[in-house]
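Undergrad: starting from these lines, generate the structure:
(chains A and B)
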Protein chains: 2
Amino acid sequence: MFPFAAPVRDLRFVLEELLEHRSLALPAFDETSPDLVEAVLEEAAKLAGEVWGPLNASGDQQGCARREDGGVTLPDGFIEAYQAYAEGGWNGIGVSEALGGQGLPEVVASSVQEMLHGANMALGLCPMLTAGAIEALAHHGDDTLKATYLPKLVEGTWTGTMNLTEPQAGSDLSKVRTRAVPEGDHYRLFGQKIFITWGEHDAAENIIHLVLARKPDAPEGNKGISLFLVPKFLVKDDGSPGERNDVVCASIEHKLGIHGSPTCTLSFGEGDGAIGYLIGQEGRGLSHMFTMMNEARHKVGVQGIGVAERACQHAFAYALDRVQGKSARTRGECAISDHLDVRRMLLSMRARTDSLRALALYCAAELDVARHGGDESERQAAQARVDVLIPVVKSFSTDQAVDIASMGVQVHGGMGFIEETGAAQLLRDARIAPIYEGTNGIQALDLAGRKLQRDGGAALNDLIDRVEATAEALGGNGELTALGESLAAGATDLRAAMAVVLEQGSDAERGADAIQAYATPFLNLAGHVLCAWQMGQSALKASAAQAAGNSEPFYQAKLASADYALRQWLPMGRANRTVIEAGMSSLVAFEATSP
Amino acid sequence: MFPFAAPVRDLRFVLEELLEHRSLALPAFDETSPDLVEAVLEEAAKLAGEVWGPLNASGDQQGCARREDGGVTLPDGFIEAYQAYAEGGWNGIGVSEALGGQGLPEVVASSVQEMLHGANMALGLCPMLTAGAIEALAHHGDDTLKATYLPKLVEGTWTGTMNLTEPQAGSDLSKVRTRAVPEGDHYRLFGQKIFITWGEHDAAENIIHLVLARKPDAPEGNKGISLFLVPKFLVKDDGSPGERNDVVCASIEHKLGIHGSPTCTLSFGEGDGAIGYLIGQEGRGLSHMFTMMNEARHKVGVQGIGVAERACQHAFAYALDRVQGKSARTRGECAISDHLDVRRMLLSMRARTDSLRALALYCAAELDVARHGGDESERQAAQARVDVLIPVVKSFSTDQAVDIASMGVQVHGGMGFIEETGAAQLLRDARIAPIYEGTNGIQALDLAGRKLQRDGGAALNDLIDRVEATAEALGGNGELTALGESLAAGATDLRAAMAVVLEQGSDAERGADAIQAYATPFLNLAGHVLCAWQMGQSALKASAAQAAGNSEPFYQAKLASADYALRQWLPMGRANRTVIEAGMSSLVAFEATSP
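TA: You can find the predicted model right below:
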């Protein structure tokens, strides 16, 4: 099993050179110095590489097991690894100081998340869900709820979950049936939730479930849904966990991947009803839940990138070590990394991972501005860009991660199909990311529908202007001219496709169908162009470093990576414009009546 | 678990309408009527649907186990299912009558293979390997070997294996070290072979291993390698299995998929040496092995199509059943198949599976001509087309199958990630097909290198001429004009890309690198164009059927499928021309020195 080394050098390149540490210029981060950021990354890399990473394969092999007593046994070492994380203060790094966190910028928190997911995606899910619970509670909980639950969640001594899905209510949450019956200052919940990530475990003292449910007299549909907080253990007056609440793990799922993450069916109210507390306003449950969903989607994208990075590391290590065949250049025996067909796979994996990381952290930097920018209009403009970028980061990163992990298997040849190698686990693990936190199809509809239609494409146009500025800068840079031409063509394609989606999407009669039909190719086109843009920036920075006399091989690799991304990968994505312009007639004509 | 229904209607469409049963016009198949073919397909569909299919999931869950005594226990029901196949005479349907088979055309044998692999890929591997052994033995074995082994292999009472890989010799078989020491009329073999599919089991009376090894005095490299036949049980004078030979299963692999297929490490000569017999000429082992490899590659492509078909069936069944969200057209509750974004996935899966099937069977029909054509030049021309098509059928079908199976998981949403659904198994199973029988990278090198360079692209040009004829026919057909334009553009791209590969590939200095660099994008481009061509033919036939008054919904579905393939899928593949024209500089510049 090849050990995971957190990509500190690559992350620093993005934070320091691509983003020029612009989050640190915000007044909110006055006390955050570049040195501190570097120290945080180095420490996180140790936790990822030395504590979490070594448990990835054993966690997969061992999996989780539901016990007779309704508890769930985690893989060996997971409890200790989670506690090392919580005790190290990592759970609060991105949480504001007002809530007891360290208040570091989102770009730093996202970098740390990427490392931890690369080390151990199954374990990384636990704090990812807690972060969502913190977010929802901080925004919508009353003071009592916040005082009782937030400090423990921020410390990580308690963990959080999101309870949305029911068998009949997946992508369409309006169908939620779980009931919440008022009783004094609280509610009694009855119902069953499925696919609850880290829904039951012993890694923390308590588990705080955030649950969508409806009051008995609530209207049907979205407006009848409220959000409730249901602790595993009711909290005593002294703030410590007391009596067991009426929520139990009925079963855990047997899944393709992330075996170390217990996916539970939770049963609420098999007895007198699980005691729960209303969060925020009645009937606003979906809206409150989406507060956390939006940022959770960014985190899922980052998770995909972590797994993609690990797949790169595995594939490079194998390809550099495996001697097979003769070199086309030296005619002697060589490692397979010397064969250009294998190198094509390695470079494709590396270039895509580089570009996804750069875009996700660009989005995180915009999030920092949206939260902490100096004036309202600056914050709003950043938020508008974030709104467009998040569905791209979530779905494009995770689709690509699946493909990158699959290519990693291929680099290994026959060994890739053998589980002991570890390459196959990365593919199995990655495969969930395009599905959860809103399927990638839902993300694409969000982009092509709500996000694009509501501002007539203004925020995306703003981003495309930036893409064109980068293309122009490349054009003025001797050797990078061809990269600039390719990027400019990509920008043109994206604008043309956007025009189709905006025009047909606004049609009263067929607009909804048009958005459905174009959503996924449009998101893929946007993903390619925006990622290629970041690689254009990357080429400019690497070229400048070389021009300044820096001969670190890192920059040469980044130039090759950018060249590949812009001239070999982007053209494949650009073809989505043709797909969109071909129209939706075949989809409409196709009656999916039978297999 | 959704049951598998063999796609008889689709196979008949290809055989009867697309190929117009032209194999049956060959004198060799005088006695094969369309009615007989139809009856064969119907019977095979029963075996696939009723006997093999129901064991697919249980075989995956149970897997194989190596016993203390060195034997391997198959999943429940596999022995009986294999024997039902052998006793039904299915093993010999494509084998010539001279060798004891039924001598049916390759198009029919391939159709049956697709059904069986779709039903149960892990089980389907057993006869696939036997077919390779029959082929090699029939071509290169002496009369004694043929008399002793062929009848049993053709009947299927004995099965065959291919023993190529050793830990240091995978894609580069010149590194084979297994020794064969002469002893009278036979040899004693010593060595270890890995990744031996169905290398040990109790489903048949005997297992006939075909083994690459070298004599003690043999030269290094390819020329020292010979092919040997090593039976599990030595054969007595009366032809029945006798004493156990000195070959044992040392272990079986723990794999990502095809759990029902035992992948063995075989140890030859732990005692006095495994008795083996030379097949063909000394030092010609690789060449003899490639006799069977070429057709085995076609079979792997067909296998991918079988799994893709099953993935379609699962996804369609789920999407038609799962009610979620509101229809953009009726505004009422609907099955998810009504959402165009989901329908896009279903149509993409269907269109690609249709097109891969059509191309694989077109190749099979050419194989029939190559073997049984009336005159030498006709046979040679067909063989030249087969030589170009086989690497495309193998690698394009299997790459696409992985993607189709992955899309099938996505259609299922969260349920796709749960193993019980069965969608994930198809992805896990499919993932081996791009790796074995020569990785897809090796196939691409075969196409862009040997196959293209040796005739200057003549055979592929011949195929592109046919593509253009189809484009022209579409152009003259009112509603299909846009399809014709798209196909013609694809043909132009393929010729342009071929010119680059031929020119740069013939360079004495950099030719080998150029072929490596362009091989995979070139194969992908060829795959898209050739598959789209078949869908163009499909549209012409469906349109003709409708014009003749046939209102079967099948033809409407085929038209939508063709429209999607030509106007939404082909453009994505066409972008590979741009990738090739961008050159190989980034690959050459990228030093894969470290992760």
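
Undergrad: quick check: bridge partners of the closest residue to residue A:289 other than its chain neighbours?
TA: Distances taken as CB to CB, 6 or more residues apart in numbering or on different chains put residue A:227 closest to residue A:289, at 5.8 Å, once the chain neighbours are dropped. Quick note: C-beta positions are derived from backbone N, CA and C, even for glycine. Applying DSSP bridges to residue A:227 gives these bridge partners: residue A:212, residue A:279.

Undergrad: surely residue A:227 and residue A:290 touch.
TA: No - contact criterion CB atoms under 8 Å: residue A:227 and residue A:290 do not qualify, at 10.2 Å.

Undergrad: tell me which of these two has more neighbours.
TA: residue A:227 (32 against 14; other CB atoms under 10 Å in any protein chain shown).

Undergrad: how about the contacts made by that one?
TA: In this structure, residue A:227 makes contact with A:136, A:140, A:210, A:211, A:212, A:278, A:279, A:280, A:284, A:285, A:288, A:289, judged by CB atoms under 8 Å, 6 or more residues apart in numbering or on different chains.

Undergrad: for residue A:313, see how far away it is.
TA: 40 Å (CB to CB, to the nearest Å).

Undergrad: one more: residue A:35?
TA: Distance from residue A:35 to residue A:313, by CB to CB: 27 Å.

Undergrad: of those two, who's got more company?
TA: Looking at residue A:35 and residue A:313 with other CB under 10 Å, you find the greater number of neighbours at residue A:313, namely 23 against 8.

Undergrad: what residues sit buried inside whichever strand or helix holds the more buried one?
TA: Taking DSSP states H and E as the definition, one finds residue A:313 inside helix A:285-321. Judged by neighbour count (16 or more other CB atoms under 10 Å in any protein chain shown), helix A:285-321 contains these buried residues: A:285-286, A:288-289, A:291-320.

Undergrad: touching the worst-scoring helix or strand of chain A on mean pLDDT from outside, list them.
TA: Within chain A, confidence by mean pLDDT, DSSP states H and E is lowest for helix A:585-589 among all helices and strands, at a mean of 89. For helix A:585-589, contacts defined as CB under 8 Å, 6+ apart pick out A:513, A:517, B:340, B:343-344, B:347, B:556, B:559-561, B:563-564, B:567-568.

Undergrad: out of the residues you listed, which sit inside strands?
TA: In this view, the contacts of helix A:585-589 have no member that belongs to strands under DSSP state E.

Undergrad: now rank those residues by neighbours and give me the top one.
TA: Neighbour max across the contacts of helix A:585-589 (other CB under 10 Å) = residue A:517, 30 neighbours.

Undergrad: could I get the phi/psi values of the residue in the stretch 351-500 of chain A that chain B sits nearest to?
TA: For the stretch 351-500 of chain A and chain B, the shortest gap (CB to the nearest CB) falls at residue A:424, measuring 4.1 Å. Here is the backbone geometry of residue A:424 (degrees, to the nearest 10): phi -70, psi -40.

Undergrad: that one touches residue A:416, doesn't it?
TA: Yes - using CB under 8 Å, residue A:424 is in contact with residue A:416, at 6.5 Å.

Undergrad: now the contacts of residue A:227 as JSON lines including distance to residue B:506 and pLDDT?
TA: Shown next, in JSON lines, are these (distance: CB to CB, whole Å; pLDDT from 0 to 100):
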{"residue": "A:136", "distance to residue B:506": "64", "pLDDT": "94"}
{"residue": "A:140", "distance to residue B:506": "68", "pLDDT": "97"}
{"residue": "A:210", "distance to residue B:506": "65", "pLDDT": "97"}
{"residue": "A:211", "distance to residue B:506": "68", "pLDDT": "98"}
{"residue": "A:212", "distance to residue B:506": "65", "pLDDT": "98"}
{"residue": "A:278", "distance to residue B:506": "75", "pLDDT": "98"}
{"residue": "A:279", "distance to residue B:506": "70", "pLDDT": "97"}
{"residue": "A:280", "distance to residue B:506": "70", "pLDDT": "97"}
{"residue": "A:284", "distance to residue B:506": "69", "pLDDT": "96"}
{"residue": "A:285", "distance to residue B:506": "67", "pLDDT": "96"}
{"residue": "A:288", "distance to residue B:506": "66", "pLDDT": "94"}
{"residue": "A:289", "distance to residue B:506": "62", "pLDDT": "90"}
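
Undergrad: make a PyMOL selection of the buried ones in those.
TA: Here is the PyMOL command that picks out the buried ones among the contacts of residue A:227, judged by 16+ other CB under 10 Å:
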select buried, chain A and resi 136+140+210+211+212+278+279+280+284+285+288+289
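
Undergrad: got a list of what residue A:392 touches?
TA: A:359, A:443, A:447, A:523, A:526, A:527, A:530.

Undergrad: what about those residues, which are in helices?
TA: Assigned to helices by DSSP state H, the following of the contacts of residue A:392 qualify: A:359, A:443, A:523, A:526, A:527, A:530.

Undergrad: check these against chain B, which are close?
TA: Contacts with chain B within those, as defined by CB under 8 Å from any CB of the partner chain: none are present.

Undergrad: and the helix or strand hosting residue A:390, average pLDDT?
TA: Using DSSP H and E, the element containing residue A:390 is helix A:376-411. Mean per-residue pLDDT for helix A:376-411: 98.

Undergrad: what comes up buried for that helix?
TA: Buried residues in helix A:376-411 (16+ other CB under 10 Å): A:381-411.

Undergrad: same deal with stretch A:508-521?
TA: Buried residues in stretch A:508-521 (16+ other CB under 10 Å): A:511, A:512, A:513, A:514, A:515, A:516, A:517, A:518, A:519, A:520, A:521.
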